[in-house]
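>>> Sharing a sequence plus its predicted fold:
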Amino acid sequence: MDTKKEVLSILKDLTSEDLSDKMDENIFANGLMDSMASVQMLLNLQDKFNIDVPVSEFDRKEWDTPNKIVAKVDSLRNE
């Protein structure tokens with residue numbers, strides 16, 4: 001499974017934007033994502049990749065760009 005492709009698909013569903021050319025753009029600072037969208041993103045990532053990301057351990061700074069999300073998902077998949 002292509003992590004980057006799947007993450008971008010999830011983000012597009014949540015933001016209605018193609019972020020493939022904005023991999024280092026802060027999706028919270030630019031208003032594309034809020035706390036409710038964050039929870040939905042985590043639920044979608046957990047479902048798609050069979051990973052566990054407790055909302056209580058979510059640190060926005062570790063998940064604020066598409067590149068960081070891809071890296072975090074890859075890290076969790078390899079645990």
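On my side now, so go ahead. Numbering: from 1, shown residues only.

>>> Okay, now the unreliable bits of this protein?
For the chain, no stretch has pLDDT under 70.

>>> Geometrically speaking, which residue is the centre of it?
Nearest residue to the geometric centre of the chain (C-alpha atoms, centre = their mean): residue 69, 4.4 Å.

>>> next one: the helix or strand where that one lies to chain centre, how far?
Residue 69 is located in helix 66-77, with elements delineated by DSSP states H and E. Its chain's average C-alpha position is 8 Å from that of helix 66-77, according to C-alpha atoms, centre = their mean, to the nearest Å.

>>> Can you point out the buried residues in that helix?
Residues 66, 68, 69, 70, 71, 72, 73 are the ones in helix 66-77 that count as buried (16 or more other C-beta atoms under 10 Å). Every residue, glycine included, has its C-beta placed from N, CA and C.

>>> mind checking how far the closest residue to residue 45 other than its chain neighbours is from residue 62?
Counting by C-beta to C-beta, 6 or more residues apart in numbering, the nearest residue to residue 45 once its immediate chain neighbours are dropped is residue 73, at 6.0 Å. Residue 73 sits 11 Å away from residue 62, going by C-beta to C-beta, to the nearest Å.

>>> ok, now residue 5?
Applying C-beta to C-beta to residue 5 and residue 62 gives a distance of 21 Å.

>>> swap in residue 9?
Residue 9 is 21 Å from residue 62, by C-beta to C-beta.

>>> Regarding the nearest residue to residue 48 once chain neighbours are set aside, which helix or strand does it belong to?
Leaving aside its chain neighbours, residue 48 sits nearest to residue 6 (5.7 Å; criterion: C-beta to C-beta, 6+ apart). Residue 6 is part of helix 3-15 when elements are defined by DSSP H and E.
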